[in-house]
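J.: structure of the sequence below:
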Amino acid sequence: MEEFSEERRFCSLRMGEVMKRIKNWIMRLSIRKKLIFYSYLILVPILLGISVCLIMQNYQLAVQKHEENCIQSVQRLSDNLEVVQKNIIELGIYISINENIRQILTCENPRELNRDARLWLNNAPIRMVQDMVAIDGVVKTVAIYPENGVSPYLKCIDHSSYLPELQQVQKEAIYLLATRTKGKYLWQRVGKDQSDTYEFNYNDKIVMYHEIFDLARKNKLGYLVLGSTAEIFDEMCKDDLQDRKETVLVMSAYGAELVRCGAVEDEAVEEILEKSCAQSAGTEDIAVGTWKNYQVYCRQSKETGVRVYKITPRVNVLDVADRIIYELLAFLAGLCPVMILVSNIVSKPLRKLGAAMEKFKEGDFSQKIEVVTFDEIGEASACFNSMVDNIRELINNNYILALKEKQSELDALQAQINPHFLYNTLDSLYWKAVEVEDEEIAEDILSLSQMFRLVLNQGDSIVTVKIEAELLERYLHIQKMRFGKRFEFEIQIERSIMEEKIPKLILQPFVENAIVHGFEKGENKFFLSIRGERREDYLYFRIHDTGIGMSSQQMNAIWENGEGGGHSSHRIGKYAIRNVKERMELIYHQDYELTIESEEGRGTTVAISIPGSLGLE
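T.: So this is what the prediction gives:
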């Protein structure tokens, strides 16, 4: 048991290794070869299934047709033989019932008749019998042996010769068999030179033996022997053969072999007759039997009792399948050029796409593929073209953004000279104000110092909402110090968005613009509101002031005049309104909203909507 388990485990491992090798081989095939391989892998089983169905269907039809042909053949041969035998029987009946012949057979003084050497010609219609034999052409010998001692009538037209005396005939086994038939017709094949019926037989004959009785069928009157050439029977049987492997066998009612034509051996014939057909006498139905690879058909004549056997090979499946298999192989071979052509049509655009990707990988960002189809390959080509454009645009945008960030760092360095020096100076001023107990000045200096720290922030371009809010609060505190009670502000930002990442200084330029252009030149009180909240996946900021507002021409100038315009040129460091818009375009592309609504005398509202932290990943 353990050895069997080990063997199974070994076979499983071997099979797994073989399957793995096949899978690796398939994976290394080109797309063109895979198309051909998988097409054949799918088509071959389907075609094999169809071929098997066709073979089985054709096989059944071939078997049916073969059986019908054989039955018709046996029927036809049996009928033809019966016609010939009936002609011979009719001649025998004419001889047996002829009154003149019966007078000779019942003569009580045979010696007187025997004195006439021409007694049969003079006392019986022998000439008519001879004419019937000549016209028919089948019967070659006629013998009438009277039982009363009259000399027999012996006539052979083929140079054969009968046994001359009844006493000689009575010693033969065929005579004894004929006497047991009680007046029935007995058929026997007599070969050339055989002596049971003839002294000399010129050729093979089919001989009919018949005992002649009186009308009461009690007393034997004579013994009739009619010999016909076997060649006619043989030719009919040979003509019935449809295949060189077939055999036709004709047997008498008493088991004597009359004709055999074909290739089956004697031993096989005997075994076939014993084990195949078992047909009862007196029926015209055709019995069908089998023996090994042979089909046996048998029919027995009701008139003569002769049985006709046809032994034919059974229909071979391979004989039926040959044509279908050849057609299948021809179809698969003819399909190969078609599959090569189709695979080339499909794989050619893929090869072009692969070549373009290789060049793109090497740094050639000018690659474009002409899209000529609208199928999956066309979609892949269009996606590749779109990807190339997007990557090229992204590279260009990142390059521009990097340049601007470097310029920002340079501007910061030039503006600060030394940030630590500035921080230290403001800290010193703060502590002096604390020493003299001037808390208001100390608080203003602290706000200014912290605002500078937040603005510079070590050059970081991305900060949290919390840091941006602290920067706004410090900046507005300083403005509150400047304008006093004329200026009020509020900052309301949801705590849930405080840790969200946003570009630095995207709110402060709008706050500064509101103070400088909306309030600085006026005399009225001024209120500034800053709000921040989350709306689904976006961060929403709203800056509203009660300043003097802007006309539509002034609002258009903000976007059209660029850095040279009056409104867009105000800045802390390098950041201005247009700069904020450009930075949001570089970072968020088109996935943001920036709107400015203003009316002269009623204030301005700025709304900004940007994606959450995921927008920066």
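
J.: low-confidence ranges in the stretch 251-400 of the chain?
T.: Filtered on pLDDT under 70, the stretch 251-400 of the chain yields the residue ranges 266-268, 273-284, 372, 374, 399-400.

J.: then the stretch 451-600 of the chain?
T.: 451-460, 520-522, 559-576.

J.: all strands of it, in order?
T.: Along the stretch 451-600 of the chain, the segments classed as strands by DSSP state E, counting those that start in this stretch run 462-464, 487-493, 501-503, 526-535, 538-545, 593-599.

J.: what about the nearest residue to Leu47 once chain neighbours are set aside, which helix or strand?
T.: Take Leu47 and drop its neighbours on the chain: the residue closest to it by Cβ to Cβ, 6 or more residues apart in numbering is Leu328, 5.9 Å away. All C-beta spots, glycine's among them, are computed from the backbone N, C-alpha and C. Element membership of Leu328, judged by DSSP states H and E, is helix 317-361.

J.: who's in contact with the residue nearest to Ser551 when sequence neighbours are not counted?
T.: Excluding the flanking residues, the one nearest Ser551 by Cβ to Cβ, 6+ apart is Glu600, at 5.7 Å. Neighbour list for Glu600: Ile548, Gly549, Met550, Ser551 [criterion: Cβ atoms under 8 Å, 6 or more residues apart in numbering].

J.: CSV please, covering those and showing neighbour count and distance to Glu585.
T.: As requested, those are exported to CSV (neighbours: other Cβ atoms under 10 Å; distance: Cβ to Cβ, whole Å):
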residue, neighbour count, distance to Glu585
Ile548, 20, 29
Gly549, 19, 26
Met550, 22, 22
Ser551, 11, 26
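
J.: need the max-distance pair from those.
T.: Largest separation among these by Cβ to Cβ: Ile548 and Ser551, giving 10.2 Å.

J.: so what does the longest helix along the chain touch, helix or strand wise?
T.: For the chain, the helix with the greatest residue count under DSSP state H is helix 31-97. For helix 31-97, the contact count by 3 or more Cβ pairs under 8 Å, 6 or more residues apart in numbering; DSSP states H and E identifies helix 126-136, strand 139-146, strand 205-213, strand 220-229, helix 230-240, strand 294-300, strand 307-313, helix 317-361 as packing neighbours.

J.: send me the third one as CSV with only the CA atoms.
T.: Taking C-alpha atoms only, strand 205-213 is exported to CSV below (Å, rounded to 0.1, in the frame of the first residue of the first chain):
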residue,chain,number,x,y,z
LYS,A,205,-23.2,-30.4,-62.1
ILE,A,206,-26.1,-29.6,-59.8
VAL,A,207,-28.1,-32.7,-59.9
MET,A,208,-31.8,-33.1,-58.9
TYR,A,209,-32.8,-36.6,-57.7
HIS,A,210,-36.5,-37.6,-57.5
GLU,A,211,-38.4,-40.9,-56.9
ILE,A,212,-41.4,-41.5,-59.1
PHE,A,213,-44.4,-43.0,-57.3
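
J.: strand partners (parallel or antiparallel) of that strand?
T.: Strand 205-213 sits in its sheet next to strand 186-190 (antiparallel), strand 220-229 (antiparallel), going by DSSP bridges.

J.: columns mean pLDDT, mean neighbour count and distance to Asp136 on top of the ones you listed, output as CSV?
T.: Below are these laid out as CSV (pLDDT from 0 to 100; neighbours: other Cβ atoms under 10 Å; distance: least, Cβ to Cβ, whole Å):
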stretch, mean pLDDT, mean neighbour count, distance to Asp136
strand 186-190, 91, 21, 17
strand 220-229, 92, 23, 9
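
J.: compute the inter-axis angle for the helix holding Leu328 and strand 307-313.
T.: 20 degrees (axes from the mean of the first three to the mean of the last three Cα atoms, to 10 degrees).

J.: and helix 317-361, how far out from the chain's middle?
T.: 14 Å (Cα atoms, centre = their mean, to the nearest Å).

J.: angle of that helix against helix 31-97?
T.: Using the same axes, to 10 degrees, helix 317-361 lies at 170 degrees relative to helix 31-97.

J.: how far away is Ile391 from Lys368?
T.: Ile391 sits 13 Å away from Lys368, going by Cβ to Cβ, to the nearest Å.

J.: sorry, wrong one. I was asking about Met56.
T.: For Met56 relative to Lys368 (Cβ to Cβ), the value is 57 Å.

J.: could you chop this protein up by domain?
T.: 65-313, 368-415, 460-616 (automatic domain parsing).

J.: I figured Val306 hits Gln300, correct?
T.: Yes - assessed by Cβ atoms under 8 Å, Val306 is found in contact with Gln300 at 7.2 Å.

J.: name the residues contacting each of these two.
T.: Ala253.

J.: quick one: list the elements packing against whatever helix or strand Leu258 lives in.
T.: Per DSSP H and E, Leu258 falls inside strand 257-262. Helices and strands touching strand 257-262, by 3+ Cβ pairs under 8 Å, 6+ apart, are strand 186-190, helix 230-240, strand 247-251.

J.: can you say which of these is packed in most?
T.: strand 247-251 (a mean of 23; mean count of other Cβ atoms under 10 Å).

J.: now do that strand: which elements does it pack against?
T.: helix 230-240, strand 257-262, helix 266-275, strand 307-313.

J.: how about residues contacting the first one?
T.: So that's helix 230-240. Contact with helix 230-240 is made by 73, 76-77, 80-81, 84, 138, 189, 203-206, 248, 250, 258-261, 310, as judged by Cβ under 8 Å, 6+ apart.

J.: dump the C-alpha coordinates for it into PDB.
T.: Written as PDB, here are the backbone C-alpha positions of helix 230-240 (Å, rounded to 0.1, in the frame of the first residue of the first chain):
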ATOM      1  CA  ALA A 230     -23.100 -26.000 -62.100                       C
ATOM      2  CA  GLU A 231     -21.500 -23.100 -64.000                       C
ATOM      3  CA  ILE A 232     -24.800 -21.200 -64.200                       C
ATOM      4  CA  PHE A 233     -25.300 -21.500 -60.400                       C
ATOM      5  CA  ASP A 234     -21.700 -20.500 -59.800                       C
ATOM      6  CA  GLU A 235     -21.900 -17.400 -62.000                       C
ATOM      7  CA  MET A 236     -25.100 -16.200 -60.300                       C
ATOM      8  CA  CYS A 237     -23.400 -16.500 -56.900                       C
ATOM      9  CA  LYS A 238     -20.200 -14.800 -58.100                       C
ATOM     10  CA  ASP A 239     -22.300 -11.900 -59.600                       C
ATOM     11  CA  ASP A 240     -23.900 -11.500 -56.200                       C
END
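
J.: so where is the stretch 51-200 of the chain shaky, pLDDT-wise?
T.: Residues of the stretch 51-200 of the chain that meet the cut-off, pLDDT under 70, do not exist.

J.: run a quick neighbour tally on Phe541.
T.: 21 (other Cβ atoms under 10 Å).

J.: now do the one 5 residues further on
T.: By other Cβ under 10 Å, the residues close to Thr546 number 19.

J.: which residues sit in contact with it?
T.: By Cβ under 8 Å, 6+ apart, Thr546 lies in contact with Gly518, Lys525, Phe526, Phe527, Leu528, Arg602, Gly603.

J.: give the bridge partners for the closest residue to Val288 other than its chain neighbours, please.
T.: Nearest residue to Val288 in three dimensions, chain neighbours excluded: Tyr297, at 5.7 Å (Cβ to Cβ, 6+ apart). Applying DSSP bridges to Tyr297 gives these bridge partners: Val288, Lys310.

J.: mind checking how far stretch 262-272 is from the chain centre?
T.: 48 Å.

J.: pull out the buried positions in that stretch.
T.: Gly262, Val264, Val269, Ile272 (16 or more other Cβ atoms under 10 Å).

J.: now the last one: how far from Val308?
T.: When you say that, I think you mean Ile272. With Cβ to Cβ as the criterion, Ile272 and Val308 are 14 Å apart.
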